[in-house]
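Student: Have a look; sequence and predicted model below, questions after that.
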Amino acid sequence: MKPRALLLLSLRSVGRNTRRSILTAAAMALGLAILIFFRAIGEGVHEQWIDSAVRLGPGHVAIQAPQYLETERLEHRLDSTQVRRVVAAVESPDLARAVRTWAPHLTVSGLASSAASAMPVRIEGVDPARERRFSVLPDHIREGRYLEDGDRLRAFVGDALARRLELRVGDRFVLTAQTASGTVEGQMMRVVGTFHTGIQEMDQRLIHVPLTTERKWLGVPGAVTTVAVLLHNSRETDRVVHRMKAELDGRQGIRVVGWRQSSPEMDSAVRIDDYGDYIFHVILFAIIALAILNSVMMSVLGRRREFGILQALGLTGAETGWVVLTEGLFLTAASGLVGMVLGFAFTWGFFRHGLDFSAFIGNMSVSGGIMSPIIMPLFRFQQVVLSVASILVIGTLASLYPAFRASKLDVAEAMKFEQ
């Protein structure tokens with residue numbers, strides 16, 4: 001029989017068995033819609049998680065001296081000439097669409113002292129204007145304000161550190177650190193504001209001071225320890241790192257690393273979360289596959305007499321199996337289209353402004369990042385294509401066994417079968 005006739009026979013069978021077709025299609029469409037929804041939420045969580053963590057750290061891309069990542073010592077810094085080269089590379093037209101902003105950081109370990117106590121701290125010299133666009137700290141002010149251009153002897157400190165040192169906004173304290181010459185020198189500072197992130201390490205240890213003040217105090221004019229680059233999308237990290245390495249190739253004393261290398265704990269946490277998503281998807285796929293297999297198989301068992309008549313009229317066993325397989329493929333394709341539209345419509349229609357959990361939880365700190373209770377769904381083309389392709393593959397595989405069973409029917413026995 002001609003392929004066109006077999007196709008028409010398959011479509012006719014789908015239309016004749018309306019209830020079975022609707023149940024099979026509904027199982028696949030609902031499964032794909034659920035999959036697209038959870039993938040969009042999962043991608044949104046990951047992107048917010050990564051974005052928050054890198055904005056509290058060295059960015060999606062960090063440009064540093066080769067040894068700084070391992071030592072975090074002032075002697076391993078970028079001088080003013082290297083900084084100009086790095087900035088020129090970051091602001092090149094090739095990267096303009098990917099780069100959101102960049103910020104210079106001069107970070108050293110030191111000691112914060114007050115009349116009440118002394119605490120080891122991480123002192124980070126920043127450009128206030130750039131840091132407002134880069135960091136999330138200005139969004140978590142507890143008291144006072146963030147640093148501003150023109151501030152000189154001002155410091156923005158964690159609220160936990162302020163409590164330990166018994167400091168309030170306007171109080172003075174002393175920062176002590178090793179300078180570029182190897183001597184230990186102190187600098188009097190005044191608290192301009194405090195922040196609270198919920199991350200104990202930061203709230204107890206991090207201090208932001210004006211970059212110009214720290215450079216003068218430590219004797220490193222024009223130097224930074226990191227040029228932190230913030231991208232619009234974390235998926236652009238590898239491309240930007242590769243492009244910047246090519247741009248800075250041959251420049252001695254400069255290393256470019258992505259957030260996975262500069263924040264290994266964050267990388268591990270994201271990978272573990274990904275594995276959990278994969279397990280959930282495998283379980284969902286298995287449920288969908290069983291639903292399809294059950295529906296198509298019951299269709300075959302309930303139509304043995306019909307298939308027997310078709311074979312008695314001249315249809316071969318292989319052609320009978322092809323009719324059943326084509327039915328499954330048609331239902332899978334139609335369900336995939338409906339499921340994709342349903343998944344997009346549901347996610348975008350109800351949650352385009354975010355999935356709000358603020359009634360149950362506040363901001364959470366996870367692996368160095370601050371998770372907002374409002375989760376914004378994020379659609380990625382690759383993930384949607386993968387989800388649709390997975391459903392199509394599952395539908396095809398689930399239709400193979402019923403098709404095989406139909407192709408092996410005994411005509412004489414099938415004609416005896418009473419529905």
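Tutor: Nice, I can see it.
Student: which residue is nearest the middle of this structure?
Tutor: residue 46 (2.9 Å; Cα atoms, centre = their mean).
Student: For that residue, which non-adjacent residue is closest in space?
Tutor: residue 270 (6.0 Å; Cβ to Cβ, 6 or more residues apart in numbering). For glycine as for every other residue, the C-beta is placed from the backbone atoms N, C-alpha and C.
Student: Which residues are in contact with that neighbour?
Tutor: 46, 49-50 (Cβ atoms under 8 Å, 6 or more residues apart in numbering).
Student: which one among the residues you listed gets closest to residue 248?
Tutor: Residue 248 lies nearest to residue 50 out of the contacts of residue 270, by Cβ to Cβ, at 23.7 Å.
Student: Return the distance of stretch 277-294 from the chain's centre.
Tutor: Distance of stretch 277-294 from the chain centroid (Cα atoms, centre = their mean, to the nearest Å) equals 24 Å.
Student: actually stretch 128-138, sorry about that
Tutor: 22 Å.
Student: Residues contacting that stretch, please?
Tutor: Contacts of stretch 128-138 (Cβ under 8 Å, 6+ apart): 52, 55-56, 59, 100-104, 126, 146-149, 151, 156, 195, 197, 208, 210, 228, 230, 370.
Student: Pull out the buried members of those.
Tutor: 52, 55-56, 59, 100-104, 126, 146-147, 151, 156, 195, 197, 208, 210, 228, 230, 370 (16 or more other Cβ atoms under 10 Å).
Student: Filter those residues down to the ones in strands?
Tutor: Taking DSSP state E, the ones among the buried ones among the contacts of stretch 128-138 that sit in strands are 100-104, 126, 156, 195, 208, 210, 228, 230, 370.
Student: Dump those residues to TSV, plus pLDDT and distance to residue 118.
Tutor: Shown next, in TSV, are those (pLDDT from 0 to 100; distance: Cβ to Cβ, whole Å):
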residue	pLDDT	distance to residue 118
100	93	38
101	94	35
102	95	34
103	95	29
104	96	28
126	96	23
156	97	19
195	95	21
208	97	19
210	97	22
228	95	29
230	95	34
370	61	28
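Student: Which pair of these spans the longest distance?
Tutor: 210 and 370 (23.9 Å).
Student: just to revisit the earlier point, ok, the contacts of residue 270 vs residue 276, which is closest?
Tutor: So of those, ranked by how close each gets to residue 276 (Cβ to Cβ), first place is residue 46, at 11.6 Å.
Student: Test my guess that the closest one contacts residue 273.
Tutor: Yes. At 7.0 Å, residue 46 and residue 273 qualify as touching, with contact defined as Cβ atoms under 8 Å.
Student: hmm, back to that, name the helix or strand for the residue nearest to residue 46, please.
Tutor: helix 264-301 (DSSP states H and E).
Student: The following helix or strand past that helix - what's its average pLDDT?
Tutor: The C-terminal neighbour of helix 264-301 among helices and strands, as given by DSSP H and E, is helix 304-312. On average, the pLDDT along helix 304-312 is 71.
Student: same deal with stretch 247-263?
Tutor: On average, stretch 247-263 scores 82.
Student: Please enumerate residues in contact with that stretch?
Tutor: Counting by Cβ under 8 Å, 6+ apart, 50, 53-54, 57-66, 68-69, 78, 82, 85-86, 89, 92, 94, 234, 237-238, 240-241, 244-245, 266-267, 368 sit against stretch 247-263.
Student: Just the ones in strands from those, please.
Tutor: Going by DSSP E, the strands hold 61-64 from the contacts of stretch 247-263.
Student: which residue sits closest to residue 28 in space, ignoring its chain neighbours?
Tutor: residue 335 (3.5 Å).
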